[in-house]
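> Here's a sequence, model it:
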Amino acid sequence: MEEEITSESGEVTKKKKPVMFYVAIFGVQVLASIALLYFVVLPLWNKKASAEVPEETTVEEEVVDNSLDFTFKVDGLTVNPKNSGGKRFAVFEIILSVSSQETVDELKKVKPIVKDRYISYFRSKTIAELSVETVMEEGREELKKLTGEIIGENKVKEIYFTRFVLQ
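Okay, here's the model as predicted:
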């Protein structure tokens with residue numbers, strides 16, 4: 001920018017403002033913007049995001065000896081069903097009734113593989129398929145078969161769904 005200055009003799013001269021003046025103003029604006037983002041916008045955004053995202057549940061395994069059977073709990077199974085576009089999800093909690101403590105110990109060792117197979121199975125189902133009343137019975141048989149492929153046939157006596165939420 002130029003500024004016009006008239007001298008006592010009537011001459012008009014143009015005086016330029018130094019470039020550093022504009023650089024300093026720009027720098028102050030950038031710093032003010034960063035401070036506004038850091039101290040005002042981000043805390044509000046984090047508060048809103050934490051309110052929208054449900055807390056993750058921890059995966060726990062539970063062994064119960066009830067003199068007839070041993071059980072092994074597989075929870076924390078959350079999947080997006082086939083063709084849902086990520087807009088729908090299903091939550092499962094499954095308890096396996098097995099024949100011995102050795103089988104429970106074996107399941108502990110291969111738990112990630114079992115969970116992966118279960119998740120793959122449920123992800124291959126559409127919302128309509130998961131909504132059918134017979135999905136539990138069909139699922140039990142299929143999950144027994146999948147588990148049998150990992151730890152051996154006939155080691156899982158029964159499968160119980162203790163949570164089945166379709167959202």
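> which element follows the strand or helix carrying Arg117 toward the C-terminus?
Using DSSP states H and E, Arg117 falls within helix 111-123. Next helix or strand after helix 111-123 toward the C-terminus (DSSP H and E): helix 127-131.
> Per the annotation, how does this protein divide into domains?
2-52, 63-166 (automatic domain parsing).
> Now do the buried residues in stretch 104-115.
For stretch 104-115, burial by neighbour count (16 or more other CB atoms under 10 Å) applies to Val104, Glu106, Leu107, Val114, Lys115. All C-beta spots, glycine's among them, are computed from the backbone N, C-alpha and C.
> Show the contacting residues for the first one.
Okay, so that is Val104. Val63, Phe70, Thr71, Phe72, Val98 (CB atoms under 8 Å, 6 or more residues apart in numbering).
> which ones among those residues are found in strands?
Val63, Phe70, Thr71, Phe72, Val98 (DSSP state E).
> Now, of those residues, which are buried?
Phe70, Thr71, Phe72, Val98.
> Rebuild those residues as TSV, extending it with distance to Trp45.
Listed next are those as TSV, based on distance: CB to CB, whole Å:
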residue	distance to Trp45
Phe70	47
Thr71	43
Phe72	41
Val98	47
